[in-house]
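**Q** what would the 3D arrangement of this be:
(2 chains)
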Amino acid sequence: MIFQHKHLLTLEELSREEIELILENAKGFKEIFTRSIKKVPTLRGKTVVNLFYENSTRTRTSFEIAAKRLSADVINFSVSTSSVQKGESLLDTVHTIEALGSDFIVMRHSCPGAPQLLARRIKSAVINAGDGPHEHPTQGLLDAFTIKEMKGGFEGLNVVILGDITHSRVARSNIWALTKLGAKITIAGPSTLLPKSFARLGVRICTDLREAIRDADVINLLRIQLERQRKNLFPSIREYTLLYGLTEERLKWAKKDVLIMHPGPINRGVEISPEVADGKHSVILRQVTNGVAVRMAVLYLLSGGEEA
Amino acid sequence: MTNNKSSLLLDEKGLKKTLKNLADAIADDLFGDEDFVLIGIRTRGVVLAECLQQLIKERTKKKIPIGVLDITLYRDDLSTLAENPIVRASTLPFDVNDKKIVLVDDVIYTGRTIRAALDQIVDFGRPALVKLAVLIDRGLREFPIQPDFVGLKIETSPKQIVQVRLSDIDGDDKVILMELNHKSGR
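**A** Below is the predicted model:
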C-alpha cells in the first residue's frame, strides 16, 4: 500500500485503504507519547508553517506538537499581525512563506477550496486544517482513529452526528471517512441545520433526538455556533438545548456503551451537559491526544517518496 | 526483481542448531546478570529474540525480558524510499537505564539499521551496555559497527540477498542466499 498523495486536502478523495493506512501508522505514533523523550528525528531539517486565517487553538497547537515531536521546525504565521492586514493576497503570502523555505503548509481558511488552490500553485505539501464549511480532514481522521481504538472497528457501528451539520466541516469529513470505513451514519438536529442533499451520501437524516440516538454506538456532537442563531436558523439557544441538548437522562436512550465525542470547543450547558462532557462515556480529551498521533502520521506519510 | 538462483545457507535443523549456539554464547556471557534484557528489531529480530529467550529459559529456567524496537522513524534513507514503511509501536517493558542489552536482528549488512537502533535506544535512556547478536553476518559494512554474537558469517556481494525465513512469519524455517539478475536497489 503506497500513500500516493502529496497533499492532504479532503477525505473525499482518499480511498478506504489510504484512510486505514493513516490510522495504522497513527497507532505506531501514539506509542511515542509513552516514552520519556517524546521526540523522533524523522523530519529533522524540515519546516512546517502553520498558516491560520481563522481562529484556532487546539488544531494549530496539535499540528505544532505533532511537527515538533517529529523534529521539524515550526513557524506559526500569525495572519492578524502580518501583511495580510495590509491587503496581501493569499498566493502572495504563501509564495513569500515558501521563499523562506517551507516544506509543509498547514492552512485554515474560511474559503472552501482555498487549500486546493494552494496545492496547485506551490511546491510545499499542503495540509487542509479546515476550509470554511467544506472539510477538516485531520479531525475526521482523529475521530475515526478514536472510534477504532474504543470500538475495535467500524462494521455495523451506528454513528450519530448531532448539531449544525450545514455549517460543519467536521461533519463532512466524518461522513466521508466513516462511511468509507463501513459505519452507518445518522445526522440529527433541527431541520434548518440538516442539509437534505446529504441523503445522497448514504446517511440517515433525523430530526427527533430520541429516534436518532436509539441504538447509537457513537454520538459525535458538534458545537452550536452561537453566531448562527442570529441568522434565525433556530429560535433560541435555550430551545435548542431543550430539544437537542445531550443530558445524562437522554443518554439512556442510546446503547449502554455509547461513546460521546466532540471536536471542541464545547459549550457546556448548550449542546452538552457538564455531566455528559465529563462523564464515563466521554472521550473528548482522548480525541485531543489522538489528534497529535494522527497529525504525526499525516506529516510522516506526506514526507515519503522520492521527489518527482 | 527476478531471482536467478538461490542456495540454501541453513535448513531447519541448521537454523535450530545455530540459534542454540547463539543462545548459549549469550547466556555464557550475560546470564546471572540481573539487568540483562533482550531487544528485538522488528520484524524478524523480534521472532529471533523470542526464540533466544525460550532457549535461554530451557537452559537456565529464567525468562529474560524482551523489548521490541521499530526503527522506522530513525532510518537515514526515508527520503529515498519509494514509500514510507508503516510505523509500528516500539515496546520496551522495562526501564532502559543501566540495563545490559543484547540487541537482536536477523542479518547485519551495512550496519545502518543498528545505527538507527542505537540512536533510538539512547532516546529511551542510558543503558549500561549494548551488545549485538545476529543470525547472519553477511559483511559489506558501511558503518564501523560489529556484532558481538554471530550465528553464521558469510561472504556476499551487493548483488545477493540473504533471506531469513521464520515459520512465525514466512511459514517455514531456513536461510537462503539469492542472486539478483540485475543490480539491487542499494
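**Q** contacting residues for residue 169?
**A** Let's take chain A. A:Gly130, A:Asp131, A:Gly132, A:Pro133, A:His134, A:Glu135, A:His136, A:Gln139 (Cβ atoms under 8 Å, 6 or more residues apart in numbering or on different chains). Where C-beta positions appear, they are placed from N, C-alpha and C, glycine not excepted.
**Q** that's the wrong chain, I meant chain B
**A** Applying Cβ under 8 Å, 6+ apart to B:Ile169 gives the contacts B:Thr43, B:Arg44, B:Val47.
**Q** quick one, phi psi at the last one?
**A** The phi and psi values for B:Val47, taken as degrees, to the nearest 10, are phi -60, psi -40.
**Q** ditto for the second one
**A** The main-chain torsion angles of B:Arg44 are listed as degrees, to the nearest 10 and equal phi -70, psi -30.
**Q** show the pLDDT at the spatially closest residue to it that is not a sequence neighbour.
**A** Leaving aside its sequence neighbours, B:Arg44 sits nearest to B:Asp106 (Cβ to Cβ, 6 or more residues apart in numbering or on different chains; 4.0 Å). At B:Asp106, the model reports a pLDDT of 94.
**Q** for the contacts of A:Arg169, work out which two are farthest apart.
**A** Of all pairs drawn from the contacts of A:Arg169, the greatest distance, 13.9 Å, lies between A:Gly132 and A:Gln139 (Cβ to Cβ).
**Q** between those two, who's got more neighbours?
**A** When neighbours are counted by other Cβ atoms under 10 Å in any protein chain shown, A:Gln139 comes out ahead of the other of A:Gly132 and A:Gln139, with 27 against 16.
**Q** element containing that one?
**A** Secondary-structure assignment from DSSP states H and E places A:Gln139 in helix A:137-151.
**Q** for that helix, output the C-alpha coordinates as PDB.
**A** Presented in PDB, the C-alpha positions along helix A:137-151 are these (Å, rounded to 0.1, in the frame of the first residue of the first chain):
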ATOM      1  CA  PRO A 137      -9.600  16.100   7.200                       C
ATOM      2  CA  THR A 138      -7.400  15.600  10.200                       C
ATOM      3  CA  GLN A 139     -10.400  16.000  12.500                       C
ATOM      4  CA  GLY A 140     -12.200  13.300  10.600                       C
ATOM      5  CA  LEU A 141      -9.200  11.000  10.800                       C
ATOM      6  CA  LEU A 142      -8.700  11.500  14.500                       C
ATOM      7  CA  ASP A 143     -12.400  10.900  15.100                       C
ATOM      8  CA  ALA A 144     -12.100   7.600  13.100                       C
ATOM      9  CA  PHE A 145      -9.000   6.700  15.000                       C
ATOM     10  CA  THR A 146     -10.700   7.300  18.300                       C
ATOM     11  CA  ILE A 147     -13.700   5.200  17.300                       C
ATOM     12  CA  LYS A 148     -11.500   2.400  16.100                       C
ATOM     13  CA  GLU A 149      -9.400   2.500  19.300                       C
ATOM     14  CA  MET A 150     -12.500   2.300  21.500                       C
ATOM     15  CA  LYS A 151     -14.800   0.000  19.400                       C
END
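**Q** show me what it is packed up against.
**A** Where contact means 3 or more Cβ pairs under 8 Å, 6 or more residues apart in numbering or on different chains; DSSP states H and E, helix A:137-151 is packed against helix A:16-30, helix A:58-69, strand A:125-131, helix A:169-181, strand A:218-221, strand A:259-261, helix A:284-302.
**Q** reformat these into CSV and put mean pLDDT next to each item.
**A** Supplementary listing: the helices and strands packed on helix A:137-151 in CSV, determined by pLDDT from 0 to 100:
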stretch, mean pLDDT
helix A:16-30, 96
helix A:58-69, 96
strand A:125-131, 97
helix A:169-181, 97
strand A:218-221, 98
strand A:259-261, 98
helix A:284-302, 97
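**Q** out of these, deepest packed?
**A** Across the helices and strands packed on helix A:137-151, the average number of neighbours (mean count of other Cβ atoms under 10 Å in any protein chain shown) peaks for strand A:218-221, which reaches a mean of 27.
**Q** what lies in contact with it?
**A** Where contact means Cβ under 8 Å, 6+ apart, the residues beyond strand A:218-221 that reach it are A:143, A:147, A:151, A:157-163, A:170, A:174, A:183, A:213, A:246, A:254, A:258-263, A:266, A:271-272.
**Q** what's the end-to-end length of stretch B:153-169?
**A** Counting by Cα to Cα, to the nearest Å, the length from the leading to the trailing residue of stretch B:153-169 is 23 Å.
**Q** give me the buried positions along that stretch.
**A** Buried residues in stretch B:153-169, counting neighbours by 16 or more other Cβ atoms under 10 Å in any protein chain shown, are found at B:Thr156, B:Gln160, B:Ile161, B:Val162, B:Gln163, B:Val164, B:Arg165, B:Leu166.
**Q** can you put those in TSV and add pLDDT?
**A** What follows is the buried residues of stretch B:153-169, written out as TSV (pLDDT from 0 to 100):
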residue	pLDDT
B:Thr156	94
B:Gln160	93
B:Ile161	93
B:Val162	94
B:Gln163	93
B:Val164	94
B:Arg165	94
B:Leu166	93
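**Q** out of these, which are inside strands?
**A** With strands taken from DSSP state E, the overlap with the buried residues of stretch B:153-169 comprises B:Gln160, B:Ile161, B:Val162, B:Gln163, B:Val164, B:Arg165.
**Q** from those, pick the one nearest A:Thr207.
**A** Of all these, the one sitting nearest A:Thr207 is B:Arg165; the distance, using Cβ to Cβ, is 59.8 Å.
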